[in-house]
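Asks: Kindly generate the corresponding structure for this input.
(chains A and B)
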Amino acid sequence: MQIADQTTSAVSLVQAALKKAHHFQETHHIFTFINDESALEKARAIDAKIAQGEPVGRLAGVPYALKDNFLSPEGETTASAHILTGFQSPITATAVQKLEAEGAIMIGRTNLDAFAHGSSTENSYYGPTQNSKDLERVAGGSSGGSAVAVALGIVPFATGTDTGGSIRQPASFNGVYGIKPTYGTISRYGVVAMASSTDCVGFFAREAADLDLLMEICAGQDSKDLTTLPDYYQTSSFKPGSHKIGIVKDFDNDAIDPEIRQALKTKVEELQSNGHEIVEFDMPTLKYALAAYYIIVPAEVSSNLSRHDGIRYGFRSQQSDSLGDLYYHTRDEGFMPENKRRIMIGSFVLSSGSYDAYYLKAAKARTLIINEYAAAFEKCDFILAPVSPNPAFKLGAKVNDPVSMYLEDVLSVPLNLAGLPGLTIPVGQTAAGLDLGLQLVGPRRSDRALIKFAETLKEKA
Amino acid sequence: MEVNQGTIQHLAELSHFALSEEESSRLVTDIKNIVDYISQLDELDTSDIEPTYQVFEMANVWRPDEILPQEADREQLLALAPTVENYQIKVPKVL
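Replies: Numbering: from 1, shown residues only, chains lettered A, B, ... in the order given. Coordinates of the predicted model:
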């Protein structure tokens, strides 16, 4: 992604990206903010450095899109939620600092389901983002804007967050790569919290090799986030050659779209003909992962979102005669319906009469899921699986039926509960022209191996 | 587990939402469907299984107890509040 060879300039790259951003904003509604002035200013500064022979970073002049739940002073950080309207962050997320230190230039903030609650980007206060291949279909979510920005070629990469599939599913719906790293790999300082025990920062790109560079730049321990792992990514390696690929038999059933099952079968045959070994096994606990997820995550959501009260920042309701009224009306008017559902489910599973039956039960299920993955990775190097049960669905098809929307996540959430890395790889299109993706899942800290393995698949395809 | 208007009112109070009647009745159905779905965990045998609350591999990450410079200063933080008076955030009366 370097431009230091002067065959192009940062200004021309950024201008082109901004032009495309405005063009596609009309049709696909990708951005909550387009960074016209500041992006060009930064590009000019980089071009000046290059002209004077000064050293520039590994991403010098590369335009990128930032999911609107990363804090930075450029544009309001809204998390696509009304309750953060007007929030101009004085601080910058560590991941953003690292990207910008290498010369990357943020050209826009991308749309998401408010507070990343959703699988379609339809829960945004600012309205849905359209799928890159079909305007009548969803972008996927919650990082829908970032996935579409990369798929339409507006930017070579974009940031995302993945709590239960929010990078991998929109990547798969739009035909791009998307990495959800091992839990704790990239600092979450300055990222709007959703569920602290599963939230991860990751990326979208059109090339797997670009993901490797982004991971190398952003991974690492951060004194501002005590849940970051000691640096491992930069020193981790990948052994080329024959690998054992696990296939979860339980996922091959009628609930999965036939074209996705066919895509998986085709990929398996391709892997075999390239000398890889296929291992099939059952993972019977994974079918409970979704229920456990929709207990654990709302519990954490209800705690994390209690800070939004209209007092210190963001939106404040006008109906506020007393302090109590101010809290109740600000939160009622400021959150989207899906935010409220999750907060209320969280309040429910954590309340004294329900704690043991729901929250504690889910925490025990989580242990079983972790154990099941550990056993699986004794039999194989990576697991290859569908990302979602179906390709991009029609706008409006599921948004009023929370359980059917949650079922979208049935294949993506299990690894979040276990803290494992997952990588969406594009695998072609349906007969109707919709993008298809599959996910590679590996043991903890196998992030680089996943990316490098994905690169070898592409070379041979 | 039965979910009715009373349950929703209780959860709305715990969550600090002033729900309209219309939203409240829609939530009875939504929350009931979600609770029905998550209740399938009952099928799973978890006897003698220890719970997992977090998957971070480390415990007790300490830092020295020292005052570090902050990115945001007092003026910047106060500027974010909807109403401010004399360097303090102003809220409606508490009592």
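
Asks: need the contact list for A:Ala81.
Replies: A:Ala114, A:Phe115, A:Tyr125, A:Gly334, A:Phe335, A:Met336, A:Asn339 (CB atoms under 8 Å, 6 or more residues apart in numbering or on different chains). Quick note: C-beta positions are derived from backbone N, CA and C, even for glycine.

Asks: which residue sits closest to A:Leu411, ignoring its sequence neighbours?
Replies: Once flanking residues are discounted, A:Leu411 sits nearest to A:Pro386: 5.4 Å by CB to CB, 6 or more residues apart in numbering or on different chains.

Asks: can you pull the contacts of the residue nearest to A:Glu277 when sequence neighbours are not counted?
Replies: Closest residue to A:Glu277 apart from its sequence neighbours, by CB to CB, 6+ apart: A:Lys244 at 4.8 Å. Counting by CB under 8 Å, 6+ apart, A:Lys244 touches A:His276, A:Glu277, A:Ile278, A:Val279, A:Lys379, A:Cys380, A:Asp381, A:Phe382.

Asks: Tell me the one of the residues you listed nearest chain B?
Replies: A:Phe382 (18.9 Å; CB to the nearest CB).

Asks: so which residue of the stretch 51-200 of chain A comes closest to chain B?
Replies: A:Pro90 (3.7 Å).

Asks: a strand runs through that residue, doesn't it?
Replies: No. Going by DSSP: H, G, I helix; E, B strand; the rest coil, the assignment for A:Pro90 is coil, not a strand.

Asks: who's in contact with it?
Replies: A:Pro73, B:Glu71, B:Ala72, B:Asp73, B:Gln76, B:Leu77, B:Leu80.

Asks: and if we set it to 7 Å?
Replies: A:Pro73, B:Glu71, B:Ala72, B:Gln76, B:Leu77 (CB atoms under 7 Å, 6 or more residues apart in numbering or on different chains).

Asks: From A:Tyr313, how far off is it?
Replies: 10 Å (CB to CB, to the nearest Å).

Asks: Excluding sequence neighbours, find me the nearest residue to B:Leu80.
Replies: A:Tyr313 (3.8 Å).

Asks: got the contact list for that neighbour?
Replies: A:Phe87, B:Leu80, B:Ala81.

Asks: For the most centrally placed residue in chain B, list the residues it contacts.
Replies: Among the residues of chain B, the one closest to the centroid is B:Ser15, at 7.1 Å (CA atoms, centre = their mean). Contacts for B:Ser15 were tallied using CB under 7 Å, 6+ apart; they are A:Ser302, A:Ile343, A:Met344, A:Ser347.

Asks: Next: A:Val248.
Replies: Per CB under 7 Å, 6+ apart, neighbours of A:Val248: A:Phe281, A:Met283, A:Leu286, A:Ile383, A:Ala385.

Asks: in chain B, which helix has the most residues?
Replies: Longest helix of chain B, by residue count under DSSP state H: helix B:21-38.

Asks: elements contacting it?
Replies: Under the contact definition 3 or more CB pairs under 7 Å, 6 or more residues apart in numbering or on different chains; DSSP states H and E, helix B:21-38 sits against helix A:289-304, helix A:337-350, helix A:402-407, helix B:5-15.

Asks: Can I get those in a markdown table including distance to A:Ser237 and mean pLDDT?
Replies: Output for the helices and strands packed on helix B:21-38, formatted as a markdown table (distance: least, CB to CB, whole Å; pLDDT from 0 to 100):
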| stretch | distance to A:Ser237 | mean pLDDT |
| --- | --- | --- |
| helix A:289-304 | 30 | 98 |
| helix A:337-350 | 40 | 97 |
| helix A:402-407 | 38 | 95 |
| helix B:5-15 | 47 | 96 |
